[in-house]
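**Q** Below: sequence and its predicted model.
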Amino acid sequence: MKIAIGADEAGFPLKEVIKQYLTELGVDYEDFGCHDGADQVDYPDVGFAVANQIAEEKFERGILLCGTGIGMTITADKVPGIRAALCHDTYSAERARRSNNAQVLTMGARVIGPELAKQVVNAWLKAEFDGGASGRKVQKIMDGEKLYRTPGSPRETNSCS
């Protein structure tokens, strides 16, 4: 398995910890930035870069880090076919893979400490998609994504006002 990893400047210190941990586990990765914690980087630039690598099947999974993890999650989820999950505990990380087949793990460096972050990464890396009833639900999400990305879709033509 090869991981695409990226962070903005707020997530940079935790990204470096996670990279070292991946090395210890023998997991290959490629760093998509930022490459210096002093650099000011807009998280969407890094988030889209990593998510696109996975959508194009150049990498199996990705890890994205910013201050809260929220911005990276929203960004990655905008890329068609990507399911990103914001996880700050091991149970959610495992379920993100088993139930939702999330290819991208996001975390907030201002929310989670390095030791727990490593445990979260480990739980997410070990877990595999169960399929079954979850497979049907994930397929509905993917079908909905196609529906709402089509010109003239209900989202574009219906209004609540």
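**A** Perfect, I can see it now.

**Q** what about the longest helix in this protein?
**A** helix 132-148 (DSSP state H).

**Q** what about that one, distance to the chain center?
**A** Centroid displacement of helix 132-148 relative to its chain, using C-alpha atoms, centre = their mean, to the nearest Å, is 18 Å.

**Q** Quick check: buried residues in that helix?
**A** Buried residues in helix 132-148, counted by 16 or more other C-beta atoms under 10 Å: Val138. Backbone N, C-alpha and C define where each C-beta goes, glycine included.

**Q** now for it, which elements pack on it?
**A** For helix 132-148, the contact count by 3 or more C-beta pairs under 8 Å, 6 or more residues apart in numbering; DSSP states H and E identifies helix 154-157 as packing neighbours.

**Q** Rounded mean pLDDT for the helix it packs on, please.
**A** In this model, helix 154-157 has an average pLDDT of 47.

**Q** Can you give me the domain boundaries for the protein?
**A** 2-130, 131-161 (automatic domain parsing).

**Q** lowest-confidence stretch among those?
**A** With a mean of 72, domain 131-161 has the lowest mean pLDDT of those.

**Q** Using PDB, write out every CA atom in the longest helix of the chain.
**A** Taking Å, rounded to 0.1, in the frame of the first residue of the first chain, the C-alpha atoms of helix 132-148 are listed here in PDB:
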ATOM      1  CA  GLY A 132     -22.400  -6.300   2.800                       C
ATOM      2  CA  ALA A 133     -25.100  -3.900   4.000                       C
ATOM      3  CA  SER A 134     -22.400  -1.200   4.200                       C
ATOM      4  CA  GLY A 135     -21.500  -1.800   0.500                       C
ATOM      5  CA  ARG A 136     -25.100  -1.000  -0.500                       C
ATOM      6  CA  LYS A 137     -25.000   2.200   1.500                       C
ATOM      7  CA  VAL A 138     -21.700   3.300   0.100                       C
ATOM      8  CA  GLN A 139     -23.000   2.600  -3.400                       C
ATOM      9  CA  LYS A 140     -26.000   4.900  -2.700                       C
ATOM     10  CA  ILE A 141     -23.600   7.600  -1.700                       C
ATOM     11  CA  MET A 142     -21.700   7.200  -4.900                       C
ATOM     12  CA  ASP A 143     -24.900   7.200  -6.900                       C
ATOM     13  CA  GLY A 144     -26.000  10.400  -5.200                       C
ATOM     14  CA  GLU A 145     -22.700  12.000  -6.000                       C
ATOM     15  CA  LYS A 146     -23.300  11.300  -9.700                       C
ATOM     16  CA  LEU A 147     -26.900  12.700  -9.400                       C
ATOM     17  CA  TYR A 148     -25.900  15.900  -7.800                       C
END
